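Trainee: Could you work out the structure for the sequence below:
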Amino acid sequence: MNPDASLITALVERWRPETSTFHLPCGEVTITLEDVVTLPGLAIDGDAVVVDIPDEEWSAICLRLLGRVPYDLVGGVAVVRITWLRVEFSHLPDDASQEVIEQFARAYALSLIGGVLFPDRSGSTVHLQYLLLIEDWERAGGFAWGAAVLSYLYREMGRSTLHISHTGTSLAGDLGGWVALLQFWAWERFPHLAPRDSETRAQATEDAHPRGLRWLSASSRQYGLTASDIMSTSRWR
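Mentor: Predicted coordinates for the structure are as follows:
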């Protein structure tokens, strides 16, 4: 889903890092753990998503868990390009061993983590620290991924807000974190911000689980309000 720049910018400019809330004419509101459970369906219970500093070199970790190492993974570099993951692991051989199958699965999970759940500002690279979290599949399923995704998004919005206050220019179009979660939340909690052409589908899929599925086919280009009206005081009354 393409992010809606107008909506994301309007929200980020009203984010207050000191309270982790959006300062809106209707009051202080924020994305909560409940939203993370109901919208994308991510777990908020379980072990904290924390990575210990490894003793191994990152190239050795990459070789052990993925079976190959990108040519530009040298020195202290600990990130891989998501395009490299998608190219190198695009086709699973028919005679693949269990070890190779797990390597491909980790590559897919790593690209999902770096491209969706915890994207950096570029959205093109992912840190290999996440690879350590999916080394053991049973352990990986016990992490509170939803709580980590929300805190990461909080941090990225705070960073963007501080940049705006110091420079007067917005970083909303270059925002890290799962921006789609922010967009789903806005459409869900404030229906008048949702695209007009999504109304029929949203009503028809009221029982969708997770609820974020209600908005996947919605266009982000046709609003019931103009960008200048999105956050005006009168519209929130």
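Trainee: Quick check: which ranges of the protein have low pLDDT?
Mentor: 1, 74-76, 162-174, 196-207, 217-237 (pLDDT under 70).
Trainee: Quick check, central residue of it?
Mentor: Compute the mean C-alpha point of the chain, and by C-alpha atoms, centre = their mean the closest residue is residue 178, 2.0 Å away.
Trainee: three-state assignment of the residue lying farthest from the centre of the chain?
Mentor: For the chain, the largest distance from the centre (C-alpha atoms, centre = their mean) belongs to residue 95, which lies 34.0 Å off. Assigned by DSSP: H, G, I helix; E, B strand; the rest coil, the conformation of residue 95 is coil.
Trainee: Now do it against residue 68, distance only.
Mentor: Noted for residue 95: a distance of 17 Å to residue 68, by C-beta to C-beta, to the nearest Å. Just so you know, the C-beta spots here come from the backbone N, C-alpha and C atoms, and that holds for glycine as well.
Trainee: residues contacting the nearest residue to residue 146 once chain neighbours are set aside?
Mentor: In space, and not counting its chain neighbours, residue 146 is closest to residue 42: 3.2 Å by C-beta to C-beta, 6 or more residues apart in numbering. With contact taken as C-beta atoms under 8 Å, 6 or more residues apart in numbering, residue 42 is in contact with 36, 145, 146, 149.
Trainee: So residue 42: helix, strand or coil?
Mentor: Look at residue 42: counting by three-state DSSP, its state is coil.
Trainee: ok, the residue nearest to the centre of the chain touching residue 151?
Mentor: No - using C-beta atoms under 8 Å, residue 178 is not in contact with residue 151; the gap is 11.4 Å.
Trainee: ok so, going back, how far away is the residue nearest to residue 146 from residue 83?
Mentor: Counting by C-beta to C-beta, the gap from residue 42 to residue 83 is 25 Å.
Trainee: how about the helices in this structure?
Mentor: Assigned by DSSP state H, the chain shows helices spanning 5-12, 33-38, 58-66, 82-88, 98-112, 129-133, 137-140, 145-167, 179-189, 199-204.
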